[in-house]
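Visitor: Quick one, fold the following:
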Amino acid sequence: MSLSTIAALSLVSATMGFVPTPHIASRTASTVATNLVIDPSTVIDTTATVLNTGTEMLSSVAASESSSSLLSFADQGQNLAGIFFQASLLPYLTFLYFLSFRGNRIPALGNFGWQFLLLFVLSTIPGGIITKSVYGSSLADCDWLHGSAEALLTVTNILIVLGFKSAMTQEEPISADKPRLLAIGAFILWVAAAAAGPQLGFEGH
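Guide: Alright, predicted model coming up:
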C-alpha cells in the first residue's frame, strides 16, 4: 500500500469522527416529537370548560333581560318621578272628593273631565310596560303609544273646558252624557290599539 493511500484513509477516518451518528439524530427527533404531542383529554377538558362558561354567560344575560323587563317599573318608585307620582295620588283623589260636593256647583262635564285624567294616568302604566317589553325603550320613545296616550290627556282638557265654558255662558249646562260616552269610547279604543298594535306590526317609531 502506497503512502498516499494510507494518508487518504487516515484523513477519511479523522473526518468521520466529526459527523453525528444517525442514531443520535433519531433519538433527538423522537424526543422533540414526544414533547410536542398534546394529550387529547386535556383538549377535551379545556373545550368543555369553555363551552360551560359560554352557556353560563348566555343564561346570565337571558335572566338579566327577563328580570329587567319584569322589574322595569319596580325601580320607578325609587327615583324622583316615582316619588312625586306616589305622593301626588292621594292629594289628587282628595281634590276629586271635595270637587264633587254639590255646594261647589261644579258642572258635571267639567267634574268628569278631572276624573277622566285618572284614566290617562292609568294608560301610561300598561303603555310603558308594552314599550319596555316589546320595543326595549321607554314610553316617550314609542311614537304611536305615547301619542295615543297623550290624546287621552287632550280629551281630558276638552271635557274640562267644555264643562266650565257651558256653565259660565249658559243657564243650563250641556248634558255630560254624550261627551262622557265619547271619552270612555276613546279610552277603550286606546286599550284595543295598545293590545293589538304589536301583533299588527306597529313599530316603535
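
Visitor: Can you tell me what sits against the one helix or strand Ile129 maps to?
Guide: Applying DSSP states H and E as the criterion places Ile129 in helix 108-130. With contacts defined as Cβ atoms under 8 Å, 6 or more residues apart in numbering, helix 108-130 is touched by 72-73, 92, 95-96, 99-100, 138-139, 142, 145-146, 149, 152-153, 155-164, 166-167, 173-176, 179-180, 183, 187, 190-191, 194, 197-198. (Each C-beta comes from the backbone N, C-alpha and C, glycine too.)

Visitor: That helix - what's its average pLDDT?
Guide: Mean pLDDT, helix 108-130: 91.

Visitor: do stretch 136-155 as well
Guide: 90.

Visitor: In it, which residues are buried?
Guide: Residues of stretch 136-155 classed as buried: Leu139, Cys142, Leu145, His146, Ser148, Ala149, Ala151, Leu152, Leu153, Val155 (neighbour count, 16 or more other Cβ atoms under 10 Å).

Visitor: quick check, nearest of those residues to Ser88?
Guide: Leu153 (15.5 Å; Cβ to Cβ).

Visitor: Quick check: closest non-adjacent residue to that closest one.
Guide: Closest residue to Leu153 in three dimensions, ignoring its sequence neighbours and counting by Cβ to Cβ, 6 or more residues apart in numbering: Phe120, at 4.8 Å.

Visitor: ranges for the helices of the protein?
Guide: Assigned by DSSP state H, the chain shows helices spanning 3-16, 22-36, 40-70, 80-99, 108-130, 143-169, 177-196.

Visitor: and the direction of the fourth one versus that of helix 108-130, what angle?
Guide: Read that as helix 80-99. 160 degrees (axes from the mean of the first three to the mean of the last three Cα atoms, to 10 degrees).

Visitor: Just name whatever secondary elements helix 80-99 is in contact with.
Guide: The helices and strands touching helix 80-99, judged by 3 or more Cβ pairs under 8 Å, 6 or more residues apart in numbering; DSSP states H and E, are helix 108-130.

Visitor: any idea of the angle the helix it packs on forms with helix 177-196?
Guide: 0 degrees.

Visitor: Extract the C-alpha set from helix 108-130 and format it as CSV.
Guide: Taking Å, rounded to 0.1, in the frame of the first residue of the first chain, the C-alpha atoms of helix 108-130 are listed here in CSV:
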residue,chain,number,x,y,z
ALA,A,108,-120.9,67.6,35.7
LEU,A,109,-119.0,67.6,32.5
GLY,A,110,-116.1,69.5,34.0
ASN,A,111,-116.1,67.3,37.0
PHE,A,112,-116.0,64.2,34.8
GLY,A,113,-113.0,65.8,32.9
TRP,A,114,-111.0,65.9,36.1
GLN,A,115,-111.9,62.3,36.9
PHE,A,116,-111.0,61.2,33.3
LEU,A,117,-107.5,62.4,34.0
LEU,A,118,-107.0,59.3,36.1
LEU,A,119,-107.7,57.1,33.0
PHE,A,120,-104.9,59.0,31.2
VAL,A,121,-102.5,58.3,34.1
LEU,A,122,-103.7,54.7,34.1
SER,A,123,-103.0,54.3,30.4
THR,A,124,-99.3,55.3,30.8
ILE,A,125,-98.7,52.2,33.0
PRO,A,126,-99.5,49.4,30.5
GLY,A,127,-98.2,51.7,27.7
GLY,A,128,-94.8,51.8,29.5
ILE,A,129,-94.8,48.1,30.1
ILE,A,130,-95.6,47.3,26.4
